[in-house]
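S.K.: Sequence first, then the predicted structure, then my questions.
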Amino acid sequence: MGNGDKRVRGLAARAGGWSARHRWAAVGIWVLFVALAMGLGSAAGRVDVKNSDQLKGETHTAAKIIEDAGIEEPASETVLIQAKDGGPKATDAEFRAAVTAVVKAVEGTGKVTDVTSPYDTRTISKDGRSALVQFDMRGESDTAGERVEPVLKAVEDVQKDHESLRIEEIGGASMMKTFDDAFGDDFQKAEYSAVPVALGILLIAFGAVVAALLPVLLAITAIMATMGLMGVVSHVMPMSDTANSVMLLVGLAVGVDYCLFYLRREREEREAGRDAQTALRVAAATSGRAIIVSGVTVCVAMAGMLFTGLAEFEAMGLASLMVVAVAMVGSVTVLPALLSLLGERVEKGKIPYLHPESKLRRKRGRGTRESRFWTAVLKGVLAKPVISVVVAAGALLAITAPALGMKTQQLTLDQEFGDSLPIVQTYNRLNEAFPGGSEPAEVVVKANDINTPEVKSALADFRERAISSGASRGPVEIKLHDDKNIAFVYVPLVGGSDLDKAGESLEKLRDEVRPATLGKVAGVESPITGQVAGSKDFNDQVAGAVVPVFAFVVVFAFGLMLLSFRSLTIAVTSIVLNLLSVGAAYGILVAVFQHGWGASLVGAEGVGAIITWLPLFLFVILFGLSMDYHVFVVSRIREARLRGRSTKDAIQHGVVTTAGVVTSAAVIMVAVFAIFGTLSMQSMKQMGVGLAAAVLIDATIIRGVLLPAVMALLGERNWYLPKWLNRLPDLTHDEAPEAVTREAAREGEGERVPA
């Protein structure tokens with residue numbers, strides 16, 4: 001079990017010792033690093049992921065053809081003119097007058113082009129009570145939402161003059177504006193409120209303003225530095241706004257956690273009567289090591305996203321990896337320097353009734369503070385470990401069970417926002433009158449000469465067969481770009497907003513209609529894209545990435561645990577317990593958002609599916625973050641075992657003495673993640689609830705019940721390492737505080753760190 005060599009070893013201990021001795025240099029280097037990273041990032045600018053790189057498959061091919069041709073697809077808009085109950089039909093004079101008024105009004109804004117009448121394009125519903133006026137916004141599609149206001153106002157004015165009709169606008173630009181108005185500030189509020197929430201919880205945890213500010217300060221500086229690094233790195237691997245948001249979320253969570261681990265251990269050692277120098281050394285050799293092991297494991301987990309082949313995932317993975325690495329380095333370098341500079345002043349700004357002294361808990365010489373609640377829980381768990389394992393594991397498996405029926409898909413507009421927005425109701429009415437009309441499949445046809453008789457005949461055949469095959473009810477629209485030898489074919493899919501049925505229509509187009517028409521013309525490319533196609537291609541690619549990502553994360557995490565603790569048992573149990581917490585999170589997601597069980601409790605709705613990207617994203621994020629608590633708790637257990645305690649006593653000591661910091665860290669993570677669960681978008685609710693639930697389960701059932709029960713059952717087998725694995729590199733070191741104290745004594749008083 002022991003290492004034999006009682007010298008304190010390890011990168012964290014050496015880094016902490018150097019920083020404490022050269023505190024101004026350490027702080028200066030950190031400030032310089034953050035400033036340099038931000039400056040370089042600002043100078044370099046950020047390169048974002050291109051549409052053509054978002055996906056592979058036909059969606060990628062279509063986007064690449066459009067991009068290479070230099071075609072800027074405009075934001076298309078549609079005005080739905082629909083008779084109310086008993087209102088006029090499209091053939092009536094009043095209806096025609098309304099169509100004419102809409103065409104004139106939108107053209108009069110000067111913001112649109114290519115306005116088409118439903119009487120020319122035959123976009124009139126079968127019952128004759130609905131018609132579509134279609135047009136494109138001028139200028140770049142990405143900024144069309146900023147210019148659509150006058151057009152919306154013009155359509156509203158026409159509506160006022162025709163009360164027997166429903167006249168509503170929907171399209172890329174109007175949806176962009178609606179979302180920006182309704183939810184644009186939603187994310188900013190969530191991001192801005194995360195810091196005050198974390199700070200408030202830290203004030204309760206530490207009971208002192210300065211001690212609470214340190215973790216937030218380190219997390220913020222780590223995030224600032226990473227934002228700069230993202231700009232530089234984006235020239236090699238493009239980034240995105242989504243990656244930026246995920247980086248902020250992960251950076252705040254791990255940055256605060258790592259500092260919390262370090263600070264609580266340093267305070268604990270000072271409470272035990274150790275001087276400032278020794279307290280810092282102990283914190284560096286124990287919590288510092290746990291931070292490095294945890295940080296490297298989290299980085300490995302985040303690196304798993306690089307194996308998806310999805311540009312957005314790769315950006316999120318790299319951004320998260322960088323912020324974890326930066327926060328980890330800051331925690332074991334600049335934090336010891338700041339603690340050395342502050343000394344006892346870290347307790348400045350004591351809050352009455354919250355500070356340990358106010359609660360009479362800071363008793364010099366007592367040693368560690370133990371949680372009464374977890375002491376009571378552990379007493380029962382260790383007394384009956386078999387029952388504890390059966391009950392806890394059984395409960396988690398029961399929670400996981402719904403995940404077996406998980407259905408993933410890209411959420412449609414009505415699934416994402418419910419009926420909270422008027423535009424969603426317009427979307428539903430449009431799909432009911434013109435199935436698939438709001439989100440048609442888009443066939444991008446590229447030929448050597450788009451105007452040859454063979455190509456024109458194939459396009460005409462495709463249009464006819466798309467309808468006769470049952471894939472579409474029409475109308476199928478063709479737009480030619482003669483100078484680019486490219487044609488766009490827009491095909492409303494039967495099934496409309498029902499992605500399962502629309503997917504069947506897409507398969508008919510891809511597997512039956514296209515091979516029999518466009519596929520027979522040599523030299524013609526005709527990839528099919530659009531929302532339904534994009535959802536299918538995305539699902540296919542995510543499904544293909546599951547095995548390599550899963551294997552990479554699990555294998556490397558197992559290896560890191562094996563090297564860090566030199567125990568095959570610890571490595572195996574780490575993986576199994578983490579998989580249990582991830583599985584439970586999946587089960588909760590499916591129960592709440594797919595089946596709607598208790599959805600109202602979190603302000604959500606049962607939308608019938610989980611958004612496609614979330615399961616893989618959650619696996620990577622949760623597997624990494626779960627290691628925070630696991631490494632911290634197991635390191636403390638191992639430390640107690642090294643000091644001569646029995647395995648059972650070491651388990652009790654390790655769990656109850658870390659309960660406070662793990663609880664505080666978990667509460668912060670749950671609170672930050674829960675903020676995202678309050679957003680209006682169902683996809684963000686799913687992410688927030690999934691992350692918050694998993695962390696809560698991990699910090700309570702897993703670390704407080706299942707881990708100690710399993711370790712109690714295994715006894716001395718917890719430290720089992722086969723002889724044939726003895727040749728593995730030894731990354732462990734003596735974490736016992738007594739060894740740290742002896743090391744300090746040997747180095748002499750010349751290096752004593754003043755308080």
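M.R.: Nice, thanks for sending it over.
S.K.: Tell me the secondary structure of Gln82, please.
M.R.: Judged by DSSP: H, G, I helix; E, B strand; the rest coil, the three-state class of Gln82 is strand.
S.K.: what's near enough to touch it?
M.R.: Arg129, Ser130, Ala131, Leu165, Arg166, Ile167, Glu168, Arg429, Ala433 (C-beta atoms under 8 Å, 6 or more residues apart in numbering). Placement of C-beta: from N, CA and C, glycine included.
S.K.: if you skip the residues just before and after it, what's nearest to the fifth one?
M.R.: With sequence-adjacent residues excluded and distances taken as C-beta to C-beta, 6 or more residues apart in numbering, Arg166 is closest to Gln82, at 4.5 Å.
S.K.: what does the third one give?
M.R.: In space, Ala131 comes closest to Pro118 once its chain neighbours are excluded; the distance is 3.7 Å by C-beta to C-beta, 6+ apart.
S.K.: Low-confidence stretches in this structure?
M.R.: Scanning the chain for pLDDT under 70 picks out the ranges 1-10, 51-54, 182-189, 191, 353-371, 437-438, 497, 730-755.
S.K.: Apart from its chain neighbours, what residue comes closest to His653?
M.R.: Closest residue to His653 apart from its sequence neighbours, by C-beta to C-beta, 6+ apart: Ala640 at 4.4 Å.
S.K.: who touches the one you found in this structure?
M.R.: Taking C-beta under 8 Å, 6+ apart as the test, what Ala640 contacts is Asp649, Ala650, His653, Gly654.
S.K.: Kindly indicate the member of those residues with the most neighbours.
M.R.: Most neighbours among those, by other C-beta atoms under 10 Å: Gly654, with 25 neighbours.
S.K.: count of neighbours near Gly17?
M.R.: As a measure of burial, Gly17 has 24 neighbours, counting by other C-beta under 10 Å.
S.K.: I'd like to know how far it sits from Arg267.
M.R.: Computed with C-beta to C-beta, to the nearest Å, the distance linking Gly17 and Arg267 is 19 Å.
S.K.: before we move on, back to that, quick one: the residue nearest to Ala131 and Arg129 touch, right?
M.R.: No. Contact criterion C-beta atoms under 8 Å: Pro118 and Arg129 do not qualify, at 11.9 Å.
S.K.: Who are the packing partners of the strand or helix carrying Ala154?
M.R.: Using DSSP states H and E, Ala154 sits in helix 149-160. Applying 3 or more C-beta pairs under 8 Å, 6 or more residues apart in numbering; DSSP states H and E, one finds that helix 149-160 contacts helix 93-108, strand 165-171, helix 172-206.
S.K.: Counting neighbours, show which residues of the last one come out buried.
M.R.: It refers to helix 172-206. By neighbour count on 16 or more other C-beta atoms under 10 Å, the buried set for helix 172-206 is 172-179, 186-187, 190-191, 194-195, 197-199, 201-203, 205-206.
S.K.: could you check the angle strand 165-171 makes with it?
M.R.: Interaxial angle, helix 172-206 versus strand 165-171 (axes from the mean of the first three to the mean of the last three C-alpha atoms, to 10 degrees): 70 degrees.
S.K.: Show me what helix 172-206 packs onto, helices and strands only.
M.R.: Here helix 172-206 is seen to pack against strand 76-83, helix 149-160, helix 209-233, helix 241-271, helix 422-433, helix 647-676 when contacts are counted using 3+ C-beta pairs under 8 Å, 6+ apart.
S.K.: Output the ones you listed in a markdown table, with distance to Ala376 appended to each entry.
M.R.: Converted to a markdown table, the helices and strands packed on helix 172-206 look like this (distance: least, C-beta to C-beta, whole Å):
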| stretch | distance to Ala376 |
| --- | --- |
| strand 76-83 | 63 |
| helix 149-160 | 62 |
| helix 209-233 | 28 |
| helix 241-271 | 21 |
| helix 422-433 | 50 |
| helix 647-676 | 10 |
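S.K.: mind checking which of these is nearest Pro352?
M.R.: helix 209-233 (12.2 Å; C-beta to C-beta).
S.K.: And the strands in this protein?
M.R.: 76-83, 112-116, 130-137, 165-171, 408-409, 441-446, 477-481, 486-491, 528-529, 610-611 (DSSP state E).
S.K.: Go through those and name the closest to Thr100.
M.R.: Closest among the strands of the chain, using C-beta to C-beta: strand 130-137, at 9.7 Å.
S.K.: where's that closest one relative to the chain centroid, distance-wise?
M.R.: 36 Å (C-alpha atoms, centre = their mean, to the nearest Å).
S.K.: Just want the angle from it to strand 112-116.
M.R.: If you take the same axes, to 10 degrees, strand 130-137 sits at 150 degrees to strand 112-116.
S.K.: Output strand 130-137 as PDB, nothing but the C-alphas.
M.R.: Taking Å, rounded to 0.1, in the frame of the first residue of the first chain, the C-alpha atoms of strand 130-137 are listed here in PDB:
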ATOM      1  CA  SER A 130     -55.100  29.400 -47.500                       C
ATOM      2  CA  ALA A 131     -52.500  31.000 -49.800                       C
ATOM      3  CA  LEU A 132     -48.800  32.000 -49.600                       C
ATOM      4  CA  VAL A 133     -47.100  35.200 -50.700                       C
ATOM      5  CA  GLN A 134     -43.400  34.400 -50.800                       C
ATOM      6  CA  PHE A 135     -40.400  36.700 -51.100                       C
ATOM      7  CA  ASP A 136     -36.700  37.000 -50.100                       C
ATOM      8  CA  MET A 137     -35.100  39.600 -47.800                       C
END
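S.K.: Show me what it is packed against.
M.R.: strand 76-83, helix 93-108, strand 112-116, helix 118-121, helix 422-433.
S.K.: what inclination does the first one have with respect to helix 149-160?
M.R.: It stands for strand 76-83. On the basis of the same axes, to 10 degrees, strand 76-83 is oriented at 10 degrees to helix 149-160.
S.K.: cool, the third one as well?
M.R.: Relative orientation of strand 112-116 versus helix 149-160 (the same axes, to 10 degrees): 40 degrees.
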